[in-house]
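[1] A structural model of the following input is requested.
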Amino acid sequence: MRLRVGVVGLGSEWQQRYRSALLALRDRFDVRAVCAEVAARAEQVAAEFDAAVVGGFRVLAAREDLDAVLVLAPEWYGPLPILAACESGKAVYCAAALDFDPKRAREIKRRVENSGVAFMAEFPRRHAPATLRLKELIATSLGEPRLLYCHERRGVAGENGSAVRRRRCPDSIRDVLELVDWCRYLVGREPHSVLGVVHCAASGAEDYQMMSLDFSSPARGQSGPLAQISIGRYLRSDWREAVSFRPPAHLQVCCERGVAFVDLPATLVWFDEAGRHLESLGGERPVGEQMLMQFHRAVTSLVLKTSDLEDAYRALRIVLAARSSSESGCRVLL
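    Numbers count the residues shown, from 1 in each chain. Next up is the predicted model:
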């Protein structure tokens, strides 16, 4: 079955991830309409896919010739395209950050569930070849995770990072959400508590944030894995050599019988008693194609799939709890 889809938002990943994936999967997706903030860009994309340019996301969601809406960038819309798609009974692929306050997040979750539409939140780190291979090793050679370290180091624009907005930008929320979900996915359970720390530069912009997720089960008297997640934005982008100097592995996992280092999307180095193992998994389908194929299965399947919505909601609650922890200085029970 070929899904008729409308695209809302053309973000920074359009050219590299979504355009190539939709072109490769033309036997499964038929792009019928495009809505974007920049009209000239929307017209260019629409011409390439022989689609119509639509002036608003509500008009796009209401079109009778669409089966699903792909929300690929937050722009100024926020959650509104999701709600419009639900009202029109359209399935939703959400690549935009779920940067909502808790009450709004609960409302969106309720609206999606009540609408009965298929919903998929994008978590590209889950579908990366290196992640899938690591899950296999955890189940076989390496054993259960004990310690996880996720570190992201980003450059910032402007002298001393002054061009960084003081409020949290959607990209930063999305980054943290994905890292939290990544750890939850690899551990295979929910964290019991979170401790958060936020550091601000002299300009007032947040240049570092860290959270520690404890996956213990105190009710059962069991200790569990500990995950440390951090994102730093303290290196100016014009310090090019510094930004690229010895970047940390995207993920380091210490397990019962070994340790693994992941560099996304397809490089995995792991160590056990036999020594060092290097795996380059570049032969897999690109992550964008894998996620859209999964969305296609979710929409065409007779079984309604909204687990990604629950995962996104749980990850958002953890991020907000970490923010509360950084303000109070205390660990927060989840």
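
[2] residue ranges for the strands of the stretch 151-300 of the chain, please.
    Ranges of strands in the stretch 151-300 of the chain, per DSSP state E, counting those that start in this stretch, are 193-200, 206-214, 226-236, 251-255, 258-263, 267-272, 275-280.

[3] For the spatially closest residue to Leu177 that is not a sequence neighbour, give its distance to Phe123.
    Excluding its sequence neighbours, the residue lying closest to Leu177 (Cβ to Cβ, 6 or more residues apart in numbering) is Ala315, at 4.7 Å. Using the backbone N, CA and C atoms, a C-beta is placed for each residue, glycine as well. Relative to Phe123, Ala315 is positioned 9 Å away (Cβ to Cβ, to the nearest Å).

[4] How about Asp311: what's its closest non-neighbour residue?
    In this structure, Asp311 finds its nearest non-sequential neighbour in Asp181, 5.8 Å apart by Cβ to Cβ, 6+ apart.

[5] can you pull the pLDDT of that neighbour?
    The model reports Asp181 with a pLDDT of 93.

[6] Now do the same contact list for it.
    Counting by Cβ atoms under 8 Å, 6 or more residues apart in numbering, Asp181 touches Phe123, Arg125, Arg126, Asp311, Ala312, Ala315.

[7] that older thread, tabulate the strands of the stretch 151-300 of the chain (CSV), appending mean neighbour count, distance to Ala61 and mean pLDDT.
    Converted to CSV, the strands of the stretch 151-300 of the chain look like this (neighbours: other Cβ atoms under 10 Å; distance: least, Cβ to Cβ, whole Å; pLDDT from 0 to 100):
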stretch, mean neighbour count, distance to Ala61, mean pLDDT
strand 193-200, 18, 35, 94
strand 206-214, 21, 34, 93
strand 226-236, 20, 33, 90
strand 251-255, 21, 36, 97
strand 258-263, 20, 37, 97
strand 267-272, 18, 39, 96
strand 275-280, 11, 42, 95
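
[8] Just put these in TSV and tack on distance to Gly11.
    Shown next, in TSV, are the strands of the stretch 151-300 of the chain (distance: least, Cβ to Cβ, whole Å):
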stretch	distance to Gly11
strand 193-200	25
strand 206-214	21
strand 226-236	19
strand 251-255	24
strand 258-263	23
strand 267-272	25
strand 275-280	28
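
[9] Quick check: which of those is nearest to Arg41?
    Closest to Arg41 of those is strand 226-236 (Cβ to Cβ; 26.9 Å).

[10] Pull the residues that contact that closest one.
    146-161, 164, 172, 175-176, 179-180, 183, 187, 191, 201, 205-215, 242-243.

[11] Now with 7 Å, please.
    147-156, 161, 164, 172, 175-176, 179-180, 183, 207-215, 242-243 (Cβ atoms under 7 Å, 6 or more residues apart in numbering).

[12] Tell me which other helices or strands the longest helix belonging to the chain touches.
    Longest among the helix segments of the chain by residue count, using DSSP state H, is helix 307-328. Contacts defined by 3 or more Cβ pairs under 7 Å, 6 or more residues apart in numbering; DSSP states H and E place helix 307-328 against helix 102-115, strand 119-121, helix 170-187, strand 193-200, strand 332-333.

[13] Ok, which of the ones you listed comes nearest Leu142?
    Using Cβ to Cβ, the nearest of these to Leu142 is helix 170-187, at 10.9 Å.

[14] Buried residues of the closest one, list them for me.
    For helix 170-187, the neighbour count (16 or more other Cβ atoms under 10 Å) marks 170, 172-184, 186-187 as buried.

[15] Output stretch 262-277 in CSV with nothing but the alpha carbons.
    Output of stretch 262-277 as CSV, limited to C-alpha atoms (Å, rounded to 0.1, in the frame of the first residue of the first chain):
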residue,chain,number,x,y,z
VAL,A,262,29.3,3.6,20.0
ASP,A,263,29.9,6.3,17.3
LEU,A,264,26.7,6.9,15.4
PRO,A,265,25.4,5.8,13.1
ALA,A,266,27.4,2.6,12.3
THR,A,267,30.6,2.2,14.3
LEU,A,268,30.9,0.0,17.3
VAL,A,269,34.0,-1.0,19.2
TRP,A,270,33.7,-3.4,22.1
PHE,A,271,36.0,-5.3,24.4
ASP,A,272,35.6,-8.6,26.3
GLU,A,273,38.0,-11.2,27.6
ALA,A,274,39.0,-12.1,24.0
GLY,A,275,40.1,-8.5,23.4
ARG,A,276,39.1,-5.7,21.0
HIS,A,277,36.4,-6.0,18.4
